[in-house]
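# Starting from these lines, generate the structure:
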Amino acid sequence: MQLGIDFGTTNTVAAIIGPDGAPTVLPLDPDGSGQNTLRTLLYVERDGMIHTGGAAVRLHRSQNVGRLPRFARAWVGVIDIEIGDAVVKGYNIPGGAMSVEVFADVDADAPGRLLHSLKGPLATAYAGTKLFDREYTLEELIAEFLKRVRARVEDLTGRVAQEAVFGRPVNFAGARVEADNCRAQTRLQHAAELAGFTRVAFEQEPIAAGLAFGAQRRMAAGSHALVFDFGGGTLDIAVLRVESGGEQRVLATGGVGIAGDHFDQSIFRRAMLPWLGEGVLWGPQKLALPAHLLDALGDWQDVVALCNAPTLGFLRQVQADCSQPIRIYALEDFVFKGYAFDLYERVEQCKVALSTQRFDVIGFDEEAISIWQPITRRQFESFIARDGRTIRDTTLQTLESAGLRVDQIDFVIRTGGSSSIPYFIDMLAEMFGREKVVESDLFTSVASGLAVRAAQL
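Below you'll find the model as predicted:
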């Protein structure tokens with residue numbers, strides 16, 4: 001089977017080459033909705049049952065939202081540490097090696113954990129996590145997701161899926177040097193093999209998007225295309241030359257770890273934090289909330305680390321003597337009652353809405369959380385202006401690496417959900433000319449191109 005899999009930060013898409021020789025995107029959502037994209041999410045229940053996509057979100061909401069955790073001390077393990085000599089109350093205490101037992105607060109009644117952005121840590125040192133009584137490596141978690149993608153493909157096609165071409169970004173999120181990219185690809189390959197794929201190949205995502213565009217629209221020999229693949233986790237750019245016979249030659253690639261998730265965090269930090277305690281003063285000394293607490297709110301994944309007994313005790317202390325108790329009550333419910341995911345979802349919806357309208361309101365009213373925050377497109381663009389300059393510079397640097405001028409580009413192919421943000425459409429139009437900027441299938445072109453590459457291999 002000629003199978004391409006775009007394992008994305010936000011969504012995953014699979015495509016095969018159909019009987020007519022053209023790529024066909026498969027409806028991966030198993031709920032019968034016909035959706036071609038599957039949310040890259042896992043929900044792991046206490047008994048080990050694992051759910052993906054929309055089903056994972058629904059189960060998380062039904063089991064967790066509105067439930068206050070019950071904390072209990074749990075033994076984590078033993079660590080070995082080395083300490084130096086010390087003097088305590090006049091006594092000399094010799095240093096040396098010692099073993100220390102480690103305990104942590106855990107939610108004793110937690111029915112499950114929701115995990116997302118599984119692709120994000122591949123280039124980092126993140127090894128994995130413990131879910132209830134089992135340790136999972138990052139590769140094992142990704143494999144659990146890919147097993148279900150593979151099973152869905154087999155159900156839809158009636159054929160065994162053991163070979164696939166996977167997409168990979170030019171630079172994985174968090175990669176600082178090329179060795180990080182190599183490690184990330186190796187980890188993704190290992191995860192695919194754990195999921196049952198026996199033959200795995202990779203293609204860079206913007207190159208795949210160029211292949212998909214070429215399969216739909218003929219580009220004349222000698223023309224040049226710049227692919228602007230802008231999704232949830234990374235921006236990936238490729239500069240291509242069309243050779244005789246329609247073959248595409250890659251002249252240069254580039255990328256940066258800025259994309260849709262990063263913009264969501266920008267909105268959240270600038271517009272949501274004041275509703276969740278930023279600016280509140282507490283205690284006789286009129287102290288602000290600790291920076292580490294507010295920083296952790298900006299990323300949905302980090303909120304889980306705040307869900308512990310000391311944080312809850314601290315918030316209750318602040319509530320007793322602060323300038324705006326209602327904001328701290330809202331913060332408590334946000335962190336401890338499972339509302340974080342839903343509020344981040346609403347922020348993302350606002351970002352999407354601002355691509356087609358100039359104004360939206362983030363409204364969220366659950367228990368102590370009562371938010372009504374207007375956001376204009378101009379405000380959003382001010383939030384991402386610095387990132388926009390980085391993205392423009394990266395585009396020009398990639399073009400320079402290809403040895404081409406701006407006026408030598410015949411097509412600017414934009415794909416990925418973030419490429420529909422008007423700020424970047426206008427940026428590309430200003431750089432290359434609006435008539436050259438064309439939209440490829442925003443969410444499925446990479447998977448289609450990967451299927452084309454699978455057929456070529």
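# contacting residues for Asn36?
Neighbour list for Asn36: Val13, Val25, Leu26, Pro27, Leu28, Asp29, Phe443, Thr444 [criterion: C-beta atoms under 8 Å, 6 or more residues apart in numbering]. For glycine as for every other residue, the C-beta is placed from the backbone atoms N, C-alpha and C.
# The fourth one contacts Leu156, doesn't it?
In this case it means Pro27. Yes - assessed by C-beta atoms under 8 Å, Pro27 is found in contact with Leu156 at 7.1 Å.
# Among the contacts of Asn36, find me the one that's closest to Asn181.
Val13 (21.7 Å; C-beta to C-beta).
# where does the closest one land on pLDDT?
Val13 is assigned 97 on the pLDDT scale.
# do the one 5 residues further on as well
Model confidence at Gly18, expressed as pLDDT, equals 88.
# So which of the contacts of Asn36 are in strands?
Val13, Val25 (DSSP state E).
# Any chance of CSV for the contacts of Asn36, columns distance to Arg152?
Shown next, in CSV, are these (distance: C-beta to C-beta, whole Å):
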residue, distance to Arg152
Val13, 12
Val25, 13
Leu26, 8
Pro27, 9
Leu28, 6
Asp29, 9
Phe443, 17
Thr444, 15
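# Let's see if you can find the most crowded of the contacts of Asn36.
Val13 (26 neighbours; other C-beta atoms under 10 Å).
# Can you tell me the element the nearest residue to that one once chain neighbours are set aside falls in?
Among residues not flanking Val13 along the chain, Ala447 sits closest, at 3.9 Å (C-beta to C-beta, 6 or more residues apart in numbering). Element membership for Ala447, per DSSP states H and E: helix 445-456.
# Let me see the mean pLDDT of that helix.
Computed over helix 445-456, the average pLDDT equals 95.
# And stretch 127-135, by the same measure?
89.
# how about low-confidence regions in the stretch 251-400 of the chain?
For the stretch 251-400 of the chain, applying pLDDT under 70 flags no range at all.
# Show the residue spans covered by the strands in it.
All strands of the stretch 251-400 of the chain, identified by DSSP state E, counting those that start in this stretch, fall at 281-282, 287-288, 359-366, 369-376.
# Touching the second one from outside, list them.
By that I understand strand 287-288. Gly279, Val280, Leu281.
# In contact with the second one, which residues?
Spelled out, that is Val280. Counting by C-beta under 8 Å, 6+ apart, the residues that Val280 touches are Ala288, Leu289, Val318, Cys322, Ser323, Gln324, Arg327, Ile328.
# now do the first one
With C-beta under 8 Å, 6+ apart as the criterion, the residues that contact Gly279 are Ala288, Gln324.
# For stretch 390-401, list every residue counted as buried.
For stretch 390-401, the buried set under the neighbour-count rule, 16 or more other C-beta atoms under 10 Å, comprises Ile391, Thr394, Thr395, Thr398, Leu399.
# out of the residues you listed, who's nearest Glu366?
Among the buried residues of stretch 390-401, and counting by C-beta to C-beta, the member closest to Glu366 is Ile391, at 34.8 Å.
# Double-check the closest one against Val256; I have them as touching.
Yes - using C-beta under 8 Å, Ile391 is in contact with Val256, at 6.7 Å.
# So for the two, which residues contact both of them?
Leu235.
# Which residues does the lengthiest helix in the chain contact?
Longest helix in the chain, counting residues (DSSP state H): helix 138-157. With C-beta under 8 Å, 6+ apart as the test, helix 138-157 has contacts from 1, 3, 5, 7, 12, 14, 16, 26-28, 30, 38, 40, 42, 50, 52, 115, 118-119, 121-122, 126-129, 160-161, 187-188, 190-192, 194-197.
# Okay, and which of those map to strands?
Of the contacts of helix 138-157, the ones assigned to strands by DSSP E are 3, 5, 7, 12, 14, 16, 38, 42, 50, 52, 115, 128-129.
# Could you find which two of those residues are furthest from each other?
Based on C-beta to C-beta, the longest span within these runs between Ile16 and Thr129 and measures 33.2 Å.
# okay, these two: which has more neighbours?
Comparing Ile16 with Thr129 by other C-beta under 10 Å, the one with more neighbours is Ile16, at 23 against 15.
# From what I see, the more buried one and Leu28 are in contact.
No - taking contacts as C-beta under 8 Å, Ile16 lies outside contact range of Leu28: 11.8 Å.
# residue farthest from the centroid of this structure?
Gly90 (53.6 Å; C-alpha atoms, centre = their mean).
# thinking again about what came up before, report the buried members of the contacts of Val280.
Buried among the contacts of Val280 by 16+ other C-beta under 10 Å: Leu289, Val318, Cys322, Arg327, Ile328.
# on that earlier part again, any chance of the buried residues of stretch 390-401 in TSV, with distance to Tyr423 too?
Below are those laid out as TSV (distance: C-beta to C-beta, whole Å):
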residue	distance to Tyr423
Ile391	9
Thr394	15
Thr395	13
Thr398	19
Leu399	19
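# if we take those, which one ends up nearest to Ile421?
Nearest member of the buried residues of stretch 390-401 to Ile421, counting by C-beta to C-beta, is Ile391, at 10.5 Å.
# which ones are touching the residue nearest to the closest one when sequence neighbours are not counted?
Closest residue to Ile391 apart from its sequence neighbours, by C-beta to C-beta, 6+ apart: Leu235 at 5.9 Å. The contact partners of Leu235, by C-beta under 8 Å, 6+ apart, come to Phe228, Asp229, Gly255, Val256, Ile258, Ala259, Ile391, Thr394, Ser418.
# Now do the same for Leu235: its pLDDT.
Among the per-residue scores, Leu235 holds a pLDDT of 95.
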